[in-house]
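Trainee: with the input below, show me the fold.
(chains A and B)
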Amino acid sequence: MRRAARSITQLPWPLLWGFALMLFCQLLFHYSSQAQLEASYQPLTNPLQASTYRGISMGSDQLLGYLLAIRLQLHDNQMGRHFSYSRIDYDRLVDWLEQISEINPRSEYPMLLASRVYSQTHDKARLRLILSFIERTFDHNPQLHWRRLAEASVLAKHRLGDLKLALRIAEKLALQPASVVMPNWARDIHFLLLADMNEFESAIAIIQALIQSGSISDPDEKRFLESKLLDFQQKLFESQQSGKNQL
Amino acid sequence: MFAQTIALFKYLMLGILSRRLLLLTLVLAVLAMLVGGFFSELAIIDSNQIVVALVADFLRYALGLFALLVITTSVSQDYEFRQFERLLTMPLARWQYVAAQVLVIASLCLWLVLPVLLVISLYSDWLVGLYWASALWLEIFLLGLLGMLTIISLEKIPLAVCFSMATYLLARLSGLISQMLEESVRLSDGSLTSRFVDLIFSAILYLLPDLDSFANNNVFFGNVDLLQSLSVQFYSTVIYALFLIAVCLVDFYRKEFSL
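Mentor: Take a look at the predicted model:
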(Lines give C-alpha, C1' and ligand atoms only; values in the text may rest on other atoms or scores of the structure.)
Protein backbone atom coordinates (compact mmCIF):
# COMPACT_ATOMS: atom_id res chain seq x y z
CA MET A 1 0.00 0.00 0.00
CA ARG A 2 1.42 3.36 -1.00
CA ARG A 3 1.65 6.00 1.72
CA ALA A 4 0.09 9.35 0.81
CA ALA A 5 2.52 12.30 0.53
CA ARG A 6 1.91 15.89 1.47
CA SER A 7 2.25 18.60 -1.15
CA ILE A 8 5.61 20.40 -1.17
CA THR A 9 3.90 23.74 -0.48
CA GLN A 10 2.65 22.38 2.81
CA LEU A 11 6.19 21.93 4.13
CA PRO A 12 7.64 24.48 6.55
CA TRP A 13 9.37 27.35 4.68
CA PRO A 14 12.58 27.22 6.71
CA LEU A 15 12.98 23.58 5.71
CA LEU A 16 12.54 24.39 2.01
CA TRP A 17 14.91 27.33 2.22
CA GLY A 18 17.41 25.16 4.07
CA PHE A 19 17.12 22.48 1.41
CA ALA A 20 17.60 25.02 -1.41
CA LEU A 21 20.58 26.53 0.37
CA MET A 22 22.24 23.15 0.89
CA LEU A 23 21.62 22.21 -2.74
CA PHE A 24 23.21 25.47 -3.86
CA CYS A 25 26.19 24.89 -1.54
CA GLN A 26 26.62 21.37 -2.86
CA LEU A 27 26.55 22.58 -6.49
CA LEU A 28 28.97 25.38 -5.70
CA PHE A 29 31.32 23.01 -3.90
CA HIS A 30 31.18 20.53 -6.79
CA TYR A 31 31.85 23.31 -9.33
CA SER A 32 34.79 24.70 -7.36
CA SER A 33 36.33 21.27 -6.80
CA GLN A 34 35.94 20.50 -10.52
CA ALA A 35 37.63 23.77 -11.41
CA GLN A 36 40.35 23.04 -8.89
CA LEU A 37 40.87 19.57 -10.35
CA GLU A 38 41.07 21.00 -13.87
CA ALA A 39 43.66 23.50 -12.69
CA SER A 40 45.58 20.79 -10.87
CA TYR A 41 46.59 19.02 -14.09
CA GLN A 42 50.37 18.72 -14.11
CA PRO A 43 51.69 19.07 -17.65
CA LEU A 44 54.51 16.92 -18.95
CA THR A 45 57.93 18.20 -18.03
CA ASN A 46 60.78 18.20 -20.50
CA PRO A 47 62.67 14.90 -20.49
CA LEU A 48 66.38 14.74 -19.74
CA GLN A 49 68.84 13.47 -22.31
CA ALA A 50 68.87 9.69 -22.85
CA SER A 51 72.55 9.58 -21.83
CA THR A 52 71.66 11.17 -18.49
CA TYR A 53 68.92 8.62 -17.88
CA ARG A 54 71.41 5.89 -18.73
CA GLY A 55 73.76 7.24 -16.07
CA ILE A 56 71.00 7.54 -13.48
CA SER A 57 69.83 4.00 -14.18
CA MET A 58 73.00 2.60 -12.55
CA GLY A 59 73.29 -0.11 -15.17
CA SER A 60 69.59 -0.98 -15.36
CA ASP A 61 69.01 1.21 -18.41
CA GLN A 62 66.55 -1.10 -20.15
CA LEU A 63 64.44 -1.43 -17.02
CA LEU A 64 64.49 2.34 -16.54
CA GLY A 65 63.38 2.75 -20.17
CA TYR A 66 60.36 0.55 -19.48
CA LEU A 67 59.57 2.33 -16.20
CA LEU A 68 59.71 5.72 -17.91
CA ALA A 69 57.40 4.40 -20.63
CA ILE A 70 54.92 3.20 -17.97
CA ARG A 71 55.15 6.56 -16.21
CA LEU A 72 54.41 8.31 -19.50
CA GLN A 73 51.54 5.91 -20.17
CA LEU A 74 50.04 6.87 -16.78
CA HIS A 75 50.53 10.60 -17.25
CA ASP A 76 46.89 11.16 -18.22
CA ASN A 77 45.80 9.66 -14.88
CA GLN A 78 46.41 12.19 -12.14
CA MET A 79 44.86 12.41 -8.67
CA GLY A 80 42.61 9.47 -9.47
CA ARG A 81 41.18 11.22 -12.52
CA HIS A 82 41.63 10.65 -16.22
CA PHE A 83 42.59 13.72 -18.23
CA SER A 84 41.88 13.98 -21.93
CA TYR A 85 44.77 13.50 -24.36
CA SER A 86 43.93 16.95 -25.70
CA ARG A 87 45.60 18.39 -22.60
CA ILE A 88 48.91 16.68 -23.35
CA ASP A 89 51.61 18.68 -25.05
CA TYR A 90 52.37 16.37 -27.99
CA ASP A 91 55.72 18.02 -28.78
CA ARG A 92 56.94 17.10 -25.32
CA LEU A 93 55.26 13.73 -25.54
CA VAL A 94 57.15 12.92 -28.73
CA ASP A 95 60.34 14.16 -27.08
CA TRP A 96 59.71 11.71 -24.21
CA LEU A 97 59.01 8.87 -26.64
CA GLU A 98 62.23 9.64 -28.51
CA GLN A 99 64.32 9.67 -25.34
CA ILE A 100 62.77 6.40 -24.14
CA SER A 101 63.44 4.81 -27.54
CA GLU A 102 67.03 5.93 -27.30
CA ILE A 103 67.45 4.56 -23.77
CA ASN A 104 65.97 1.22 -24.76
CA PRO A 105 66.30 0.81 -28.54
CA ARG A 106 65.35 -2.87 -28.42
CA SER A 107 61.95 -2.19 -26.88
CA GLU A 108 58.69 -1.82 -28.80
CA TYR A 109 57.01 -0.05 -25.88
CA PRO A 110 57.36 3.61 -26.97
CA MET A 111 56.32 2.76 -30.54
CA LEU A 112 53.34 0.82 -29.23
CA LEU A 113 52.31 3.78 -27.06
CA ALA A 114 52.60 6.02 -30.12
CA SER A 115 50.66 3.84 -32.55
CA ARG A 116 48.01 2.43 -30.23
CA VAL A 117 47.57 4.94 -27.38
CA TYR A 118 48.53 8.46 -28.40
CA SER A 119 47.27 8.07 -31.97
CA GLN A 120 43.72 8.13 -30.56
CA THR A 121 43.74 11.93 -30.56
CA HIS A 122 41.21 13.74 -32.76
CA ASP A 123 43.64 16.55 -33.45
CA LYS A 124 45.17 15.95 -36.89
CA ALA A 125 48.26 18.05 -36.24
CA ARG A 126 49.03 15.95 -33.17
CA LEU A 127 48.43 12.74 -35.08
CA ARG A 128 50.91 13.93 -37.71
CA LEU A 129 53.52 14.39 -34.96
CA ILE A 130 52.94 10.83 -33.81
CA LEU A 131 53.14 9.43 -37.35
CA SER A 132 56.31 11.36 -37.97
CA PHE A 133 57.82 9.88 -34.78
CA ILE A 134 56.85 6.36 -35.90
CA GLU A 135 58.44 6.94 -39.31
CA ARG A 136 61.67 8.25 -37.78
CA THR A 137 61.98 5.49 -35.19
CA PHE A 138 61.22 2.81 -37.77
CA ASP A 139 64.41 3.75 -39.62
CA HIS A 140 66.51 2.77 -36.58
CA ASN A 141 65.24 -0.80 -36.50
CA PRO A 142 62.89 -1.79 -39.37
CA GLN A 143 62.77 -5.41 -38.26
CA LEU A 144 61.42 -4.48 -34.82
CA HIS A 145 59.07 -1.72 -35.91
CA TRP A 146 57.57 -2.85 -39.25
CA ARG A 147 54.21 -3.59 -37.60
CA ARG A 148 53.99 -0.05 -36.16
CA LEU A 149 54.78 1.46 -39.56
CA ALA A 150 52.02 -0.64 -41.14
CA GLU A 151 49.66 0.66 -38.45
CA ALA A 152 50.87 4.20 -39.15
CA SER A 153 49.94 3.79 -42.81
CA VAL A 154 46.45 2.66 -41.83
CA LEU A 155 46.14 5.57 -39.37
CA ALA A 156 47.23 8.04 -42.04
CA LYS A 157 44.59 6.71 -44.40
CA HIS A 158 41.62 6.28 -42.08
CA ARG A 159 42.10 8.73 -39.22
CA LEU A 160 44.02 11.46 -41.00
CA GLY A 161 42.48 10.96 -44.44
CA ASP A 162 45.85 11.72 -46.00
CA LEU A 163 46.28 9.11 -48.71
CA LYS A 164 49.56 10.60 -49.92
CA LEU A 165 51.12 10.23 -46.50
CA ALA A 166 49.66 6.74 -46.13
CA LEU A 167 51.12 5.82 -49.52
CA ARG A 168 54.53 7.24 -48.66
CA ILE A 169 54.62 5.22 -45.44
CA ALA A 170 53.41 2.07 -47.18
CA GLU A 171 56.02 2.54 -49.90
CA LYS A 172 58.71 2.80 -47.27
CA LEU A 173 57.52 -0.48 -45.82
CA ALA A 174 57.30 -2.19 -49.23
CA LEU A 175 60.78 -1.05 -50.23
CA GLN A 176 62.45 -2.70 -47.24
CA PRO A 177 64.99 -5.34 -48.29
CA ALA A 178 64.09 -9.02 -48.08
CA SER A 179 66.35 -9.30 -45.03
CA VAL A 180 63.64 -7.45 -43.08
CA VAL A 181 61.31 -10.35 -42.41
CA MET A 182 57.64 -9.39 -42.36
CA PRO A 183 54.43 -10.95 -43.63
CA ASN A 184 53.43 -10.25 -47.23
CA TRP A 185 50.34 -8.26 -46.22
CA ALA A 186 52.58 -5.55 -44.80
CA ARG A 187 54.22 -5.00 -48.18
CA ASP A 188 50.86 -5.36 -50.00
CA ILE A 189 49.48 -2.21 -48.33
CA HIS A 190 51.45 -0.21 -50.89
CA PHE A 191 49.65 -1.41 -54.01
CA LEU A 192 46.29 -1.52 -52.22
CA LEU A 193 46.68 2.19 -51.43
CA LEU A 194 47.73 2.89 -55.01
CA ALA A 195 44.49 1.28 -56.14
CA ASP A 196 42.56 3.40 -53.62
CA MET A 197 44.07 6.46 -55.28
CA ASN A 198 43.01 5.09 -58.72
CA GLU A 199 46.67 4.56 -59.60
CA PHE A 200 45.79 1.19 -61.14
CA GLU A 201 48.65 1.17 -63.62
CA SER A 202 51.25 1.52 -60.85
CA ALA A 203 49.49 -1.06 -58.69
CA ILE A 204 49.34 -3.51 -61.61
CA ALA A 205 53.02 -2.94 -62.38
CA ILE A 206 53.98 -3.67 -58.76
CA ILE A 207 51.90 -6.86 -58.62
CA GLN A 208 53.29 -8.07 -61.93
CA ALA A 209 56.83 -7.38 -60.77
CA LEU A 210 56.17 -9.27 -57.56
CA ILE A 211 54.77 -12.30 -59.39
CA GLN A 212 57.52 -12.33 -62.02
CA SER A 213 60.32 -11.93 -59.47
CA GLY A 214 59.52 -15.37 -58.08
CA SER A 215 59.88 -14.10 -54.54
CA ILE A 216 56.34 -15.14 -53.66
CA SER A 217 56.37 -18.78 -52.62
CA ASP A 218 53.18 -18.86 -50.57
CA PRO A 219 50.35 -20.19 -52.83
CA ASP A 220 47.69 -18.23 -50.92
CA GLU A 221 49.61 -14.99 -51.37
CA LYS A 222 50.12 -15.79 -55.05
CA ARG A 223 46.38 -16.41 -55.46
CA PHE A 224 45.62 -13.15 -53.66
CA LEU A 225 48.00 -11.21 -55.92
CA GLU A 226 46.55 -12.76 -59.06
CA SER A 227 43.00 -11.95 -57.99
CA LYS A 228 44.00 -8.37 -57.19
CA LEU A 229 45.77 -8.13 -60.55
CA LEU A 230 42.61 -9.19 -62.38
CA ASP A 231 40.50 -6.86 -60.26
CA PHE A 232 42.76 -3.85 -60.91
CA GLN A 233 43.04 -4.64 -64.64
CA GLN A 234 39.26 -4.77 -64.80
CA LYS A 235 38.93 -1.46 -62.95
CA LEU A 236 41.58 0.14 -65.17
CA PHE A 237 39.76 -1.05 -68.28
CA GLU A 238 36.46 0.32 -66.94
CA SER A 239 37.98 3.68 -66.08
CA GLN A 240 39.58 3.89 -69.54
CA GLN A 241 36.25 3.04 -71.18
CA SER A 242 34.36 5.64 -69.14
CA GLY A 243 37.09 8.18 -70.06
CA LYS A 244 36.61 7.43 -73.76
CA ASN A 245 32.81 7.67 -73.44
CA GLN A 246 33.11 11.08 -71.81
CA LEU A 247 35.28 12.29 -74.72
CA MET B 1 95.63 -22.02 12.68
CA PHE B 2 92.86 -22.70 10.19
CA ALA B 3 90.88 -24.58 12.80
CA GLN B 4 90.97 -21.47 15.00
CA THR B 5 89.78 -19.29 12.12
CA ILE B 6 86.95 -21.72 11.34
CA ALA B 7 85.99 -21.82 15.02
CA LEU B 8 85.92 -18.04 15.13
CA PHE B 9 83.87 -17.99 11.93
CA LYS B 10 81.34 -20.40 13.46
CA TYR B 11 81.15 -18.29 16.60
CA LEU B 12 80.59 -15.08 14.61
CA MET B 13 78.09 -16.78 12.30
CA LEU B 14 76.03 -17.98 15.24
CA GLY B 15 75.73 -14.38 16.36
CA ILE B 16 74.23 -13.42 13.00
CA LEU B 17 71.95 -16.30 12.04
CA SER B 18 68.54 -16.03 13.58
CA ARG B 19 64.88 -16.56 12.82
CA ARG B 20 64.55 -12.82 12.43
CA LEU B 21 67.09 -12.86 9.59
CA LEU B 22 65.16 -15.60 7.80
CA LEU B 23 61.87 -13.81 8.33
CA LEU B 24 63.21 -10.48 7.07
CA THR B 25 64.68 -12.15 3.97
CA LEU B 26 61.34 -13.78 3.23
CA VAL B 27 59.46 -10.52 3.85
CA LEU B 28 61.76 -8.75 1.37
CA ALA B 29 61.20 -11.48 -1.22
CA VAL B 30 57.41 -11.27 -0.80
CA LEU B 31 57.51 -7.46 -0.93
CA ALA B 32 59.54 -7.63 -4.14
CA MET B 33 56.97 -9.99 -5.65
CA LEU B 34 54.12 -7.65 -4.65
CA VAL B 35 55.85 -4.65 -6.22
CA GLY B 36 56.48 -6.74 -9.33
CA GLY B 37 52.84 -7.83 -9.43
CA PHE B 38 51.71 -4.19 -9.32
CA PHE B 39 53.90 -3.26 -12.27
CA SER B 40 52.83 -6.30 -14.27
CA GLU B 41 49.27 -4.93 -14.11
CA LEU B 42 50.43 -1.61 -15.54
CA ALA B 43 52.64 -2.80 -18.39
CA ILE B 44 51.00 -3.24 -21.80
CA ILE B 45 53.70 -5.51 -23.25
CA ASP B 46 56.81 -7.34 -21.99
CA SER B 47 55.27 -7.38 -18.51
CA ASN B 48 57.07 -10.59 -17.53
CA GLN B 49 60.49 -9.18 -18.38
CA ILE B 50 59.73 -5.88 -16.66
CA VAL B 51 58.54 -7.65 -13.51
CA VAL B 52 61.54 -9.95 -13.23
CA ALA B 53 63.98 -7.08 -13.84
CA LEU B 54 62.20 -4.94 -11.28
CA VAL B 55 62.06 -7.72 -8.67
CA ALA B 56 65.75 -8.44 -9.26
CA ASP B 57 66.76 -4.80 -8.83
CA PHE B 58 64.53 -4.38 -5.78
CA LEU B 59 66.14 -7.41 -4.16
CA ARG B 60 69.60 -6.20 -5.13
CA TYR B 61 69.30 -2.92 -3.25
CA ALA B 62 67.18 -4.26 -0.37
CA LEU B 63 69.44 -7.23 0.32
CA GLY B 64 72.57 -5.12 -0.19
CA LEU B 65 71.45 -2.68 2.48
CA PHE B 66 70.29 -5.54 4.68
CA ALA B 67 73.65 -7.33 4.44
CA LEU B 68 75.45 -4.09 5.16
CA LEU B 69 73.38 -3.51 8.31
CA VAL B 70 73.90 -7.06 9.56
CA ILE B 71 77.68 -6.95 9.04
CA THR B 72 78.22 -3.50 10.52
CA THR B 73 76.02 -4.37 13.52
CA SER B 74 77.99 -7.56 14.11
CA VAL B 75 81.39 -5.81 14.08
CA SER B 76 80.17 -2.81 16.06
CA GLN B 77 78.97 -5.19 18.79
CA ASP B 78 82.48 -6.60 18.94
CA TYR B 79 83.67 -3.04 19.63
CA GLU B 80 80.88 -2.32 22.07
CA PHE B 81 81.26 -5.48 24.13
CA ARG B 82 85.07 -5.29 24.01
CA GLN B 83 85.29 -8.59 22.14
CA PHE B 84 88.46 -7.51 20.33
CA GLU B 85 90.30 -7.04 23.60
CA ARG B 86 89.20 -10.52 24.72
CA LEU B 87 90.07 -12.11 21.37
CA LEU B 88 93.52 -10.59 21.37
CA THR B 89 94.30 -12.15 24.72
CA MET B 90 93.81 -15.53 23.03
CA PRO B 91 96.43 -17.06 20.74
CA LEU B 92 94.76 -15.49 17.69
CA ALA B 93 96.31 -13.24 15.07
CA ARG B 94 94.39 -10.19 13.89
CA TRP B 95 94.28 -11.46 10.32
CA GLN B 96 92.35 -14.49 11.58
CA TYR B 97 89.54 -12.24 12.78
CA VAL B 98 89.43 -10.54 9.35
CA ALA B 99 89.53 -13.94 7.61
CA ALA B 100 86.68 -15.19 9.80
CA GLN B 101 84.66 -12.06 9.04
CA VAL B 102 85.26 -12.55 5.28
CA LEU B 103 83.91 -16.10 5.62
CA VAL B 104 80.92 -14.76 7.56
CA ILE B 105 80.18 -12.21 4.83
CA ALA B 106 80.49 -14.89 2.13
CA SER B 107 78.13 -17.23 4.02
CA LEU B 108 75.64 -14.48 4.82
CA CYS B 109 75.55 -13.43 1.15
CA LEU B 110 74.98 -17.05 0.16
CA TRP B 111 72.13 -17.27 2.64
CA LEU B 112 70.59 -14.08 1.26
CA VAL B 113 70.81 -15.01 -2.43
CA LEU B 114 69.16 -18.42 -2.05
CA PRO B 115 65.62 -16.96 -1.98
CA VAL B 116 66.64 -14.71 -4.87
CA LEU B 117 67.55 -17.77 -6.93
CA LEU B 118 64.15 -19.22 -6.17
CA VAL B 119 62.18 -16.05 -6.91
CA ILE B 120 64.00 -15.17 -10.15
CA SER B 121 63.81 -18.79 -11.40
CA LEU B 122 60.09 -18.64 -10.69
CA TYR B 123 59.62 -15.60 -12.92
CA SER B 124 62.26 -16.39 -15.53
CA ASP B 125 64.51 -19.13 -16.88
CA TRP B 126 66.44 -21.02 -14.16
CA LEU B 127 69.70 -20.23 -15.97
CA VAL B 128 69.00 -16.51 -15.70
CA GLY B 129 68.04 -17.08 -12.06
CA LEU B 130 71.35 -18.82 -11.47
CA TYR B 131 73.22 -15.99 -13.18
CA TRP B 132 71.45 -13.34 -11.12
CA ALA B 133 71.96 -15.20 -7.83
CA SER B 134 75.69 -15.66 -8.57
CA ALA B 135 76.16 -12.09 -9.77
CA LEU B 136 74.23 -10.75 -6.80
CA TRP B 137 76.33 -12.87 -4.44
CA LEU B 138 79.48 -11.25 -5.87
CA GLU B 139 77.95 -7.79 -5.61
CA ILE B 140 76.70 -8.12 -2.02
CA PHE B 141 79.97 -9.78 -1.04
CA LEU B 142 81.87 -6.73 -2.31
CA LEU B 143 79.46 -4.41 -0.51
CA GLY B 144 79.82 -6.49 2.65
CA LEU B 145 83.60 -6.21 2.51
CA LEU B 146 83.24 -2.46 2.08
CA GLY B 147 80.96 -2.45 5.12
CA MET B 148 83.50 -4.44 7.13
CA LEU B 149 86.26 -2.01 6.18
CA THR B 150 84.21 1.05 7.11
CA ILE B 151 82.94 -0.33 10.41
CA ILE B 152 86.45 -1.41 11.44
CA SER B 153 87.74 2.06 10.55
CA LEU B 154 84.87 4.27 11.69
CA GLU B 155 83.51 2.07 14.52
CA LYS B 156 79.99 3.64 14.36
CA ILE B 157 77.12 1.96 12.49
CA PRO B 158 75.47 5.09 10.96
CA LEU B 159 78.80 6.43 9.72
CA ALA B 160 79.87 3.07 8.33
CA VAL B 161 76.53 2.40 6.58
CA CYS B 162 76.33 5.89 5.10
CA PHE B 163 79.92 5.81 3.89
CA SER B 164 79.56 2.31 2.42
CA MET B 165 76.30 3.15 0.65
CA ALA B 166 77.74 6.40 -0.65
CA THR B 167 80.77 4.59 -2.06
CA TYR B 168 78.59 1.85 -3.54
CA LEU B 169 76.22 4.35 -5.17
CA LEU B 170 79.14 6.44 -6.38
CA ALA B 171 80.56 3.35 -8.07
CA ARG B 172 77.17 2.53 -9.59
CA LEU B 173 76.77 6.11 -10.79
CA SER B 174 80.26 6.18 -12.28
CA GLY B 175 78.77 6.45 -15.78
CA LEU B 176 76.81 9.56 -14.88
CA ILE B 177 79.77 11.12 -13.07
CA SER B 178 82.07 10.47 -16.04
CA GLN B 179 79.49 12.09 -18.29
CA MET B 180 79.24 15.11 -15.97
CA LEU B 181 83.02 15.41 -15.89
CA GLU B 182 83.18 15.35 -19.67
CA GLU B 183 80.51 18.06 -19.82
CA SER B 184 82.24 20.16 -17.18
CA VAL B 185 85.54 19.94 -19.08
CA ARG B 186 83.74 21.07 -22.22
CA LEU B 187 82.03 23.96 -20.44
CA SER B 188 84.81 24.99 -18.05
CA ASP B 189 87.16 27.86 -18.69
CA GLY B 190 90.17 25.57 -18.25
CA SER B 191 91.15 27.30 -15.02
CA LEU B 192 93.41 25.65 -12.47
CA THR B 193 90.54 25.13 -10.01
CA SER B 194 88.31 23.34 -12.50
CA ARG B 195 91.21 21.18 -13.66
CA PHE B 196 92.03 20.32 -10.03
CA VAL B 197 88.41 19.33 -9.26
CA ASP B 198 88.32 17.30 -12.44
CA LEU B 199 91.53 15.53 -11.39
CA ILE B 200 90.14 14.73 -7.92
CA PHE B 201 86.94 13.22 -9.31
CA SER B 202 88.84 11.29 -11.96
CA ALA B 203 91.11 9.88 -9.25
CA ILE B 204 88.11 8.82 -7.14
CA LEU B 205 86.49 7.14 -10.14
CA TYR B 206 89.77 5.40 -10.89
CA LEU B 207 89.68 3.77 -7.46
CA LEU B 208 86.05 2.67 -7.64
CA PRO B 209 84.79 -0.41 -9.45
CA ASP B 210 82.85 0.30 -12.63
CA LEU B 211 79.46 -1.09 -13.69
CA ASP B 212 81.01 -4.34 -14.95
CA SER B 213 81.69 -5.21 -11.32
CA PHE B 214 77.97 -5.45 -10.57
CA ALA B 215 75.13 -7.73 -11.62
CA ASN B 216 73.86 -6.79 -15.08
CA ASN B 217 70.10 -6.18 -15.02
CA ASN B 218 69.89 -6.11 -18.84
CA VAL B 219 70.14 -9.93 -18.87
CA PHE B 220 66.39 -10.03 -18.30
CA PHE B 221 65.82 -8.43 -21.68
CA GLY B 222 68.03 -10.89 -23.60
CA ASN B 223 71.07 -10.39 -25.84
CA VAL B 224 73.60 -10.64 -22.99
CA ASP B 225 76.21 -13.38 -22.75
CA LEU B 226 75.63 -14.61 -19.17
CA LEU B 227 78.93 -16.45 -18.83
CA GLN B 228 81.00 -13.59 -20.15
CA SER B 229 79.19 -11.04 -18.01
CA LEU B 230 79.66 -13.20 -14.92
CA SER B 231 83.33 -13.89 -15.60
CA VAL B 232 84.10 -10.17 -16.06
CA GLN B 233 82.29 -9.44 -12.80
CA PHE B 234 84.11 -12.30 -11.05
CA TYR B 235 87.59 -11.05 -11.97
CA SER B 236 86.69 -7.51 -11.05
CA THR B 237 85.23 -8.61 -7.70
CA VAL B 238 88.30 -10.70 -6.87
CA ILE B 239 90.62 -7.74 -7.49
CA TYR B 240 88.51 -5.30 -5.49
CA ALA B 241 87.87 -7.81 -2.71
CA LEU B 242 91.60 -8.41 -2.27
CA PHE B 243 92.19 -4.67 -2.28
CA LEU B 244 89.50 -4.08 0.36
CA ILE B 245 90.80 -6.93 2.54
CA ALA B 246 94.32 -5.50 2.30
CA VAL B 247 93.13 -2.05 3.37
CA CYS B 248 91.07 -3.67 6.14
CA LEU B 249 94.10 -5.58 7.45
CA VAL B 250 96.28 -2.46 7.43
CA ASP B 251 93.64 -0.53 9.33
CA PHE B 252 92.92 -3.34 11.80
CA TYR B 253 96.59 -3.89 12.58
CA ARG B 254 97.01 -0.15 13.24
CA LYS B 255 94.26 -0.14 15.89
CA GLU B 256 95.24 -0.04 19.52
CA PHE B 257 93.19 -2.17 21.90
CA SER B 258 93.88 -1.78 25.58
CA LEU B 259 92.53 -4.13 28.19
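
Trainee: buried ones in stretch A:186-196?
Mentor: Judged by neighbour count (16 or more other C-beta atoms under 10 Å in any protein chain shown), stretch A:186-196 contains these buried residues: A:186-195. C-betas here are computed from N, CA, C, even on glycine.

Trainee: show residues contacting it.
Mentor: A:146-147, A:150, A:153-154, A:157, A:163, A:166-167, A:170-171, A:173-174, A:176, A:200, A:202-203, A:206-207, A:224-225, A:228, A:232, A:235 (C-beta atoms under 8 Å, 6 or more residues apart in numbering or on different chains).

Trainee: show the buried residues in the residues you listed.
Mentor: Buried by 16+ other C-beta under 10 Å: A:146-147, A:150, A:153-154, A:157, A:163, A:166-167, A:170-171, A:173-174, A:176, A:200, A:203, A:206-207, A:224-225, A:228, A:232, out of the contacts of stretch A:186-196.

Trainee: so where's chain A shaky on pLDDT?
Mentor: Along chain A, the parts satisfying pLDDT under 70 run over A:1-2, A:37-39, A:246-247.

Trainee: which residues of the chain fall in helices?
Mentor: No chain in the question, so chain A it is. Here chain A has its helices, by DSSP state H, at A:13-39, A:50-56, A:61-73, A:90-103, A:109-112, A:124-140, A:142-158, A:163-174, A:184-196, A:200-213, A:219-246.

Trainee: wait, chain B
Mentor: With DSSP H, the ranges of helices along chain B come out as B:2-16, B:19-42, B:47-80, B:83-89, B:94-123, B:126-154, B:157-172, B:174-187, B:192-207, B:226-254.

Trainee: quick one: buried residues of the third one?
Mentor: Read it as helix B:47-80. Buried positions in helix B:47-80, judged by neighbour count with 16+ other C-beta under 10 Å: B:47, B:49-60, B:62-76, B:78-79.

Trainee: pull the contacting residues for residue 122.
Mentor: In the absence of a named chain, chain A is used. By C-beta under 8 Å, 6+ apart, the residues touching A:His122 are A:Ser86.

Trainee: the chain in question should be chain B.
Mentor: Contact analysis of B:Leu122 by C-beta under 8 Å, 6+ apart lists B:Gly129.

Trainee: can you tell me the closest non-neighbouring residue to the residue of chain B found nearest chain A?
Mentor: Residue nearest to chain A within chain B: B:Leu176 (2.7 Å; C-beta to the nearest C-beta). Closest residue to B:Leu176 apart from its sequence neighbours, by C-beta to C-beta, 6 or more residues apart in numbering or on different chains: A:Gly55 at 2.7 Å.

Trainee: same deal with A:Ala150?
Mentor: What sits nearest to A:Ala150 in space, not counting adjacent residues and going by C-beta to C-beta, 6+ apart, is A:Ala186, at 4.7 Å.

Trainee: against A:Gln176, how distant is the one you found?
Mentor: From A:Ala186 across to A:Gln176, the span is 9 Å (C-beta to C-beta, to the nearest Å).

Trainee: anything in contact with each of these two?
Mentor: Counting by C-beta under 8 Å, 6+ apart, the contacts common to A:Ala186 and A:Gln176 are A:Trp146.

Trainee: can you report how many residues neighbour the residue nearest to B:Leu176?
Mentor: Using other C-beta atoms under 10 Å in any protein chain shown, A:Gly55 has 21 other residues around it.

Trainee: need the contact list for B:Leu205.
Mentor: B:Leu205 sits next to B:174, B:177-178, B:181 when contact means C-beta under 8 Å, 6+ apart.

Trainee: ok, and the most crowded of those residues?
Mentor: Within these, B:Ser174 tops the neighbour count with 21 neighbours, counted by other C-beta under 10 Å.

Trainee: list the contacts of that one.
Mentor: With contact set as C-beta under 8 Å, 6+ apart, B:Ser174 has these partners: B:205, B:208, B:210-211.

Trainee: so B:Phe220 sits against B:Gln49, correct?
Mentor: Yes - shown here, B:Phe220 and B:Gln49 form a contact pair, counting by C-beta atoms under 8 Å, at 5.4 Å.

Trainee: burial count for residue 161?
Mentor: Picked chain A for this. The number of residues packed near A:Gly161 is 10, by other C-beta under 10 Å.

Trainee: try again with chain B
Mentor: Using other C-beta under 10 Å, B:Val161 has 20 neighbouring residues.

Trainee: that one contacts B:Val70, doesn't it?
Mentor: No - B:Val161 is beyond contact range of B:Val70, at 10.8 Å (criterion: C-beta under 8 Å).

Trainee: give me the distance between the residue of chain A most remote from its centre and B:Arg94.
Mentor: Relative to the centre of chain A, the most outlying C-alpha is that of A:Gln10, 60.0 Å out, by C-alpha atoms, centre = their mean. To B:Arg94, A:Gln10 is 98 Å away according to C-beta to C-beta.

Trainee: just A:Asn141 next, same as before
Mentor: Applying C-beta to C-beta, the value for A:Asn141 to B:Arg94 is 58 Å.

Trainee: got it, and B:Leu26?
Mentor: From B:Leu26 to B:Arg94 the distance is 36 Å (C-beta to C-beta).

Trainee: the two: which has the busier surroundings?
Mentor: The residue with more neighbours, out of B:Leu26 and B:Arg94 and counting by other C-beta under 10 Å, is B:Arg94; that gives 15 against 11.

Trainee: wait, the more buried one sits on B:Val250?
Mentor: No - in this structure, B:Arg94 is not within contact of B:Val250 by C-beta under 8 Å, at 10.6 Å.

Trainee: deepest-packed of the helices of chain A, please.
Mentor: Highest mean neighbour count among the helices of chain A (mean count of other C-beta atoms under 10 Å in any protein chain shown): helix A:109-112, with a mean of 24.

Trainee: contacts (any at all) between chain B and that one?
Mentor: Yes - using C-beta under 8 Å from any C-beta of the partner chain, helix A:109-112 reaches chain B at A:109, A:112.

Trainee: what packs against that helix?
Mentor: If you count contacts as 3 or more C-beta pairs under 8 Å, 6 or more residues apart in numbering or on different chains; DSSP states H and E, helix A:109-112 packs onto helix A:61-73, helix A:90-103, helix A:124-140, helix A:142-158.

Trainee: how near is the residue sitting nearest the centre point of chain B to B:Leu69?
Mentor: For chain B, the residue sitting closest to the mean C-alpha position, by C-alpha atoms, centre = their mean, is B:Leu143 at 2.1 Å. Computed as C-beta to C-beta, the B:Leu143 to B:Leu69 distance reads 11 Å.

Trainee: who's in contact with residue 181?
Mentor: Because you didn't say which chain, this covers chain A. A:Gln143 are the contacts of A:Val181 under C-beta under 8 Å, 6+ apart.

Trainee: that was the other one, I meant chain B.
Mentor: Going by C-beta under 8 Å, 6+ apart, B:Leu181 touches B:198, B:201-202, B:205.

Trainee: who in chain A is up against chain B?
Mentor: Proximity of chain A to chain B (C-beta under 8 Å from any C-beta) is limited to residues A:51-52, A:54-56, A:58-63, A:66-67, A:70, A:73-74, A:104, A:106-109, A:112-113, A:116.

Trainee: for the stretch 151-259 of chain B, which spans come out with low pLDDT?
Mentor: Applying pLDDT under 70 to the stretch 151-259 of chain B flags the ranges B:186, B:188-190, B:259.
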